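Participant: 3D model of this:
(2 chains)
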Number of protein chains: 2
Amino acid sequence: MIKEYVENICKKAKEAFFELAKADEKRINDVLLELAELIDKKREAIKQENLKDMKNGEQNNLSSALLDRLLLNDRRIDSMIESLQMLVSLRSPVGEVIDGWVLENALKIEKVRVPIGVVGIIYESRPNVTIDAASLCLKSSNCAVLRGGKEAVNSNRILSELIKEALRVNGLSEHCIGFIDKTDREGVLHLAKADKYIDVIVPRGGEGLIKFVSQNATVSVIKHDKGLCHTFIDKDADLDKALNIAYNAKVQRPGVCNAMETLLVHKDIAGAFLPEFYVLSKRAKVELRGCRRTLEILKDIKKATEDDWNREYLDLILSIKIVDDLEEAIEHINKYGSSHSEAIVTENYSNAEDFLNRVDASCVYVNASTRFTDGGVFGMGAEIGISTNKLHARGPVGLKELTTYKYKIRGSGQIRK
Amino acid sequence: MIKEYVENICKKAKEAFFELAKADEKRINDVLLELAELIDKKREAIKQENLKDMKNGEQNNLSSALLDRLLLNDRRIDSMIESLQMLVSLRSPVGEVIDGWVLENALKIEKVRVPIGVVGIIYESRPNVTIDAASLCLKSSNCAVLRGGKEAVNSNRILSELIKEALRVNGLSEHCIGFIDKTDREGVLHLAKADKYIDVIVPRGGEGLIKFVSQNATVSVIKHDKGLCHTFIDKDADLDKALNIAYNAKVQRPGVCNAMETLLVHKDIAGAFLPEFYVLSKRAKVELRGCRRTLEILKDIKKATEDDWNREYLDLILSIKIVDDLEEAIEHINKYGSSHSEAIVTENYSNAEDFLNRVDASCVYVNASTRFTDGGVFGMGAEIGISTNKLHARGPVGLKELTTYKYKIRGSGQIRK
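Facilitator: Okay, the predicted model is just below:
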């Protein structure tokens, strides 16, 4: 039965978590270095398993974008190895004293960073997530239960076997990183309901997956949800910066969550900005869809509908809306945005500050491209995803975000009166 | 329809949240002071409404404990007023710069504390929670939707009217604090599913309520769940401290979540400790239930069953287990505990540190009573509850725990290469 199968993996991961708590950072780093070596040694075998997935994918007519995500070549294998080595060089956040004080009765309170426990991670086609997720969880003294997509099942299986080997070689339980290799949706359901063993679940993938997990989970969820990002070109924008930033946010890599989906333009700058932007967009083959007022300036583009303001295209398509003022821009963003990354281009100090303060998103930019939202770019080391939650972790989820805290309280016999 | 009724209150609270973001702390403090004055002025009317609840409660045969929670007398009204004034004297956590750094490309990243949004709070009989919850949310620039218990509906209604009046008088929307005064369970369901408008839900109450909310919520939940707290008397405990601390943790106020429910005793100290503890317990009318080995020492007490290790008595009942060593104590706690508050009594340094490090709970004590877990006692100001979640907030939930963060990123035209 799939229910027992999943629950058993989760239960063993929870038991392993309490064992892992006794391991010091040196031991965990040794596991990561061992894993890097194993990946290097088993490079050919990994590519062979991956080839099976690629062939299945082609037979099942996966899109070329999906096939590209699935592929493990030497360059990508090298980058898995490098990210493991990089992780070893970082300091574990566990044990950090976040705060501390002494009460009137001399009780000493210390607020200390501790691992969360067992992290469930559900992801789709990219097999390198298996290594990223497992290594980030281990480095922060967490255990994990991984459930990758069915397209990548052969690649994931060999990678998870290497993880288990690296754990065993260093005297740790292989159950620290559980791996569900039955890829039906039902397995996701049981993982999302295993609150007895799983402390948090991180779904990474399409809207359907995220919705399914959110609706069914009894475990806490850190969503890596859609990125419906806006850039607002204010009246007082520097025209060059505006063109550069808007172009970069849309074109540099349109298929990712921090790319721009809707461009908002102040009515007083629209006449100067839009025709120039139109030329750049046309050259990059971006399909533009505009509001009524945009169409008065760019006469040959398609009309945007209500549906367009709600769409994460993940493609070379952009909706454009002309707004009366900063107020209307902020309202539009707070209504349609997904609280991911939002930008204003302006030279006006007060508008910049208002935008930073009042836009409800994890990352708010002035005069820069939304494309920077990324744990690596932010200097947080690797990341397990970008959270669109408001609770616990917001934005990039790195090592620190994989921890919680406890209060250690040291006394000398105090009782409550 | 109750669904539309609840959703409408939530929607208006969300709209009010964006308005509230424009108010400075002075304005919010004025609301809290106004509210304190109104409560003082309307003291007789409040007591009259409360009398209705008390009469209904008596007719419905509420227990004396519940009736006591329900009662609003002058002393309790004074304490509501005082807690409002105390809150005004605290600094709002909103705006605190938590972290900040500059990237190689000169992007300036600032991590800033911001309010969460709209907080849904579900509570049972105590009407003062209406004022506590509303004022903590306002002080941290959040909006709230309150849903109190049906026993207290008249008291809650007049208090929520005063809150709305205090908001209006100071030019803020009365919808900042929504109040659901239809008290059927269905209302809870719709609140827990209003993820479009509600950012987090805090259920406070019995196990049934918590379970119902956890199972049905699509909104993130901060649970104020049960407290199944242990005290472990280690081999090297100071006998006087051990007796004082165990007695205090059980007897000083048995009906609360940080009281002890199970006592663990090292086998080598059991013979010296248990007979003395038995005398104290008998005097305080505590019913003891022991494991097989405990019964060899305390011959006339009841036998504890597996069920006892899982029970939060909230009463003058205590289960006792003799364990072989620290290891067995930690295992028992991590298996049966509710991750609330756990204590060890010992003079052994390594055991104290091991216990602090390896017990998986929000508050872990050495040589002190678990009864100290409390936002007020910890010096965090008022609290909205004690979280047994691992994510976001753990332990007392005060002003800081009612915030999240955002990244403000200031650039000068940076684009991603």
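
Participant: Run through the bridge partners of the closest residue to A:L356 other than its chain neighbours.
Facilitator: In this structure, A:L356 finds its nearest non-sequential neighbour in B:K408, 4.7 Å apart by Cβ to Cβ, 6 or more residues apart in numbering or on different chains. Using the backbone N, CA and C atoms, a C-beta is placed for each residue, glycine as well. With DSSP bridges as the criterion, B:K408 is bridged to A:V364, B:E110.

Participant: you'd agree B:K408 is up against A:S362?
Facilitator: No - B:K408 is not in contact with A:S362 according to Cβ atoms under 8 Å; the separation is 10.6 Å.

Participant: Contact residues of the stretch 101-250 of chain A facing chain B?
Facilitator: Remark: the part of the stretch 101-250 of chain A in contact with chain B comprises A:101, A:103, A:107, A:109, A:116-117, A:195, A:199-200, A:214-215, A:218, A:220-222, A:238, A:240-241, A:244-245, A:247-249, using Cβ under 8 Å from any Cβ of the partner chain.

Participant: what about A:N61, how many neighbours?
Facilitator: For A:N61, the count of nearby residues is 8 (other Cβ atoms under 10 Å in any protein chain shown).

Participant: Help me confirm that it is found in a strand?
Facilitator: No - counting by DSSP: H, G, I helix; E, B strand; the rest coil, A:N61 is not found in a strand; it is coil.

Participant: any idea how far chain B is from it?
Facilitator: Computed as Cβ to the nearest Cβ, to the nearest Å, the A:N61 to chain B distance reads 32 Å.

Participant: now swap in A:R113 and tell me
Facilitator: 11 Å.

Participant: just checking, that residue touches A:E96?
Facilitator: Yes - taking Cβ under 8 Å as the definition, A:R113 is a contact partner of A:E96 at 4.2 Å.

Participant: quick one, which of the two is more surrounded?
Facilitator: More neighbours sit around A:R113 than around the other of A:R113 and A:E96, counting by other Cβ under 10 Å; the figures are 19 against 14.

Participant: residues touching the more buried one, list them.
Facilitator: A:93-98, A:400, A:403-405 (Cβ atoms under 8 Å, 6 or more residues apart in numbering or on different chains).

Participant: Which of those has the largest number of neighbours?
Facilitator: Sorting the contacts of A:R113 by how many neighbours each has (other Cβ under 10 Å) puts A:T403 first, at 22 neighbours.

Participant: Report the beta-bridge partner residues of it.
Facilitator: Bridge pairing for A:T403 (DSSP bridges) gives the partners A:P115.

Participant: so it touches A:V119, yeah?
Facilitator: No - assessed by Cβ under 8 Å, A:T403 is found out of contact with A:V119, at 10.8 Å.

Participant: Give me the subset of the residues of the stretch 101-250 of chain A next to chain B that lies in helices.
Facilitator: If you go by DSSP state H, those have A:214-215, A:240-241, A:244-245, A:247-249 in helices.

Participant: Next SSE downstream of the one helix or strand A:I322 maps to?
Facilitator: A:I322 is part of strand A:317-323 when elements are defined by DSSP states H and E. Beyond strand A:317-323 in the direction of the C-terminus, DSSP H and E gives the next helix or strand as helix A:326-336.

Participant: helices and strands around that following helix, which ones?
Facilitator: Under the contact criterion of 3 or more Cβ pairs under 8 Å, 6 or more residues apart in numbering or on different chains; DSSP states H and E, helix A:326-336 touches strand A:229-233, strand A:260-266, strand A:317-323, helix A:349-358.

Participant: How about the lengthiest helix in chain A, which residues are buried there?
Facilitator: Using DSSP H to define each element, chain A has its longest helix at helix A:2-20. The neighbour-count check on helix A:2-20 (16 or more other Cβ atoms under 10 Å in any protein chain shown) flags A:6-7, A:9-18, A:20 as buried.

Participant: Just the C-alphas of that helix, formatted as CSV.
Facilitator: The C-alpha coordinates for helix A:2-20 follow below in CSV (Å, rounded to 0.1, in the frame of the first residue of the first chain):
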residue,chain,number,x,y,z
ILE,A,2,1.3,3.4,-0.9
LYS,A,3,0.1,5.0,2.4
GLU,A,4,2.1,2.6,4.5
TYR,A,5,5.1,2.9,2.1
VAL,A,6,5.2,6.7,2.4
GLU,A,7,4.4,6.7,6.2
ASN,A,8,7.2,4.3,6.8
ILE,A,9,9.8,6.4,5.0
CYS,A,10,8.6,9.5,7.0
LYS,A,11,8.6,7.6,10.3
LYS,A,12,12.2,6.4,9.7
ALA,A,13,13.3,9.9,8.8
LYS,A,14,11.9,11.2,12.1
GLU,A,15,13.8,8.6,14.1
ALA,A,16,16.9,9.4,12.1
PHE,A,17,16.4,13.1,13.0
PHE,A,18,16.9,12.5,16.7
GLU,A,19,20.1,10.5,15.9
LEU,A,20,21.4,13.2,13.5
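
Participant: related to what we said a few turns ago, tell me the one among the ones in helices among the residues of the stretch 101-250 of chain A next to chain B nearest to A:D74.
Facilitator: Distance to A:D74, by Cβ to Cβ, is smallest for A:N248 among those, at 29.7 Å.

Participant: That closest one touches A:R371, doesn't it?
Facilitator: Yes - counting by Cβ under 8 Å, A:N248 does reach A:R371; the two are 6.2 Å apart.

Participant: any common contacting residues for those two?
Facilitator: B:415-416.

Participant: Give me the domain ranges for chain A.
Facilitator: When chain A is parsed with automatic domain parsing, its domains come out as A:2-224+A:397-410, A:229-372.
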